[in-house]
Structures are given as C-alpha cells and as structure tokens.
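> sequence-free structure coming up:
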C-alpha cells in the first residue's frame with residue numbers, strides 16, 4: 001500500500017476542494033480494500049451516487065469516504081440531518097472510510113467505521129441556516145466519532161503505519177454480530193462498550209463497570225436491573241472476542 005497520492009490525477013483542477021476529492025478518491029480506489037471480505041479492489045460508483053462512493057464487487061459492502069487535511073478530529077461534517085437519520089435506519093447505510101492526509105499529500109490515517117456502529121446519538125444536529133442563506137432553514141449535521149467505541153474505529157493505516165490486512169479483517173468480523181441485533185439490544189451493547197473504553201486501561205473489574213450504573217439508569221429509566229444488564233453485555237462481548245475473562249470479576253480488553 002502506497003501512502004502518497006498520485007498528484008498527476010489533479011492536473012487541470014484549480015479548486016482546492018476538487019483537487020483533494022480527486023486525489024483522495026483515486027488513492028482509495030487504488031490502495032483501499034474491503035475489510036469485510038478482503039477483496040483488494042474497490043469499485044467507485046458512477047454518476048455521483050448520493051449515499052456512497054465505493055462498493056465491493058465480491059460482498060457488495062458499500063463505503064462513503066470522508067477526508068481532511070490535518071489531524072483526525074472528534075467530529076466529521078456531514079450533509080442533511082434528516083437524510084443521515086434516515087440512512088441510519090435503512091438497510092443500505094454505507095460504512096464510513098475516514099482519511100486524513102498531510103500537506104505533502106501523504107496519508108496519515110485511514111480507518112473504517114462499520115455501519116453497525118452508527119446510532120442516532122452520534123449524529124449532532126447543526127443550527128438551521130439563517131434566512132439570508134441560499135438554503136435558508138436547511139439543517140445539517142456532524143458525526144461525533146468520539147462517541148463511537150474504539151472497536152468501531154478500525155485503522156487500515158494509523159500514524160502513517162500500514163496495519164496488516166488480516167488484523168483489519170479480524171477486527172471487522174468481530175463486530176458483525178451487531179448487525180443481527182435489534183436497535184434496543186445493540187444500544188445496550190454499545191453503551192457498555194463505551195463504558196469500558198472510558199475506564200481507559202486494558203484490565204478492568206466488574207466493579208469499575210458498575211460505576212456507570214447511574215448513568216445507564218438515566219438512559220434506560222424503565223430498566224430496574226441495570227447491573228444484571230451490564231453483566232449480560234459483558235458476557236456477550238466475551239463470547240464475541242471483544243474482551244476476555246481474566247479471573248472472577250475481572251476482564252481484559254482484546255486490542256486490535
């Protein structure tokens with residue numbers, strides 16, 4: 001995988017955003033691959049399909065590319081809020097490729113956020129455009145990736161270091177079980193995963209997860225057995241290889 005862009009592809013363009021779009025899309029087409037099945041070639045959609053940029057000919061996974069010059073930030077600017085919410089609730093919501101690059105047109109980070117990690121609470125509604133704007137009243141959104149659990153941010157390139165594709169594929173496959181879950185069940189799993197991330201260490205105890213009981217109770221006011229629910233999610237995560245059992249009442253994160 002080459003980390004430098006083919007700047008010849010931008011010849012004839014003068015607009016900076018167009019140059020960035022052409023170079024980043026060309027790089028992904030020639031260097032990206034499908035983390036789901038391992039297919040080494042991605043196909044770009046023709047005619048500017050509004051919801052995706054690439055797809056895998058083998059497994060039909062779809063991908064939308066977001067890129068920026070500079071560091072990977074906690075939020076990503078997206079399109080219309082209502083459209084994004086509709087996409088989250090649909091079956092054809094694409095996975096997100098995020099790419100950051102340097103001023104020297106070289107890739108710093110390239111990661112995928114699988115579509116099953118997208119929930120309504122990570123989509124932040126922006127204020128409507130004022131009355132003098134061309135699209136007065138239009139409401140856009142930001143994607144808050146800081147609210148996405150670490151397991152949902154799978155790096156193909158991290159800090160200019162290429163990650164072994166087998167590691168990427170394994171990390172992607174581990175989370176596919178979330179696609180089979182109903183929204184309410186998936187919400188509980190993701191919330192407990194976020195709690196584990198916030199403990200911010202590899203080894204953690206059940207008691208440390210219980211610290212978030214009150215917070216989870218506020219989010220799920222109709223559940224009177226939050227600790228039981230926490231233990232249930234930890235069991236699921238252990239069975240799926242996201243965490244492992246260390247000893248009674250203690251667990252260990254399995255890092256990508």
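Right, received. Where do you want to start? This one's a predicted model, so the numbers in the text were calculated from it and none came from an experiment.

> so which residues of the stretch 151-256 of the chain form strands?
Along the stretch 151-256 of the chain, the segments classed as strands by DSSP state E, counting those that start in this stretch run 154-158, 161-162, 203-205, 243-247, 250-253.

> in its sheet, what does the third one sit against?
Taking DSSP bridges as the criterion, strand 203-205 forms sheet pairs with strand 250-253 (antiparallel).

> in the strand it pairs with, what's buried?
Buried positions in strand 250-253, judged by neighbour count with 16 or more other Cβ atoms under 10 Å: 251, 253. To be clear about C-beta, it is placed using only N, CA and C from the backbone, and glycine gets the same treatment.

> now that strand: average pLDDT?
Strand 250-253 shows a mean pLDDT of 94.

> what's the burial count for residue 78?
19 (other Cβ atoms under 10 Å).

> what does the helix or strand harbouring it contact?
Applying DSSP states H and E as the criterion places residue 78 in strand 75-80. With contact meaning Cβ atoms under 8 Å, 6 or more residues apart in numbering, strand 75-80 is reached by 66, 84, 96, 98, 123-124, 138-146.

> which residues in the stretch 101-250 of the chain form helices?
Secondary structure of the stretch 101-250 of the chain (DSSP state H, counting those that start in this stretch): helices at 165-174, 183-199, 206-210, 213-219, 226-239.

> with mean pLDDT added, can I get those helices in a markdown table?
As requested, the helices of the stretch 101-250 of the chain are exported to a markdown table (pLDDT from 0 to 100):
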| stretch | mean pLDDT |
| --- | --- |
| helix 165-174 | 95 |
| helix 183-199 | 94 |
| helix 206-210 | 97 |
| helix 213-219 | 96 |
| helix 226-239 | 96 |
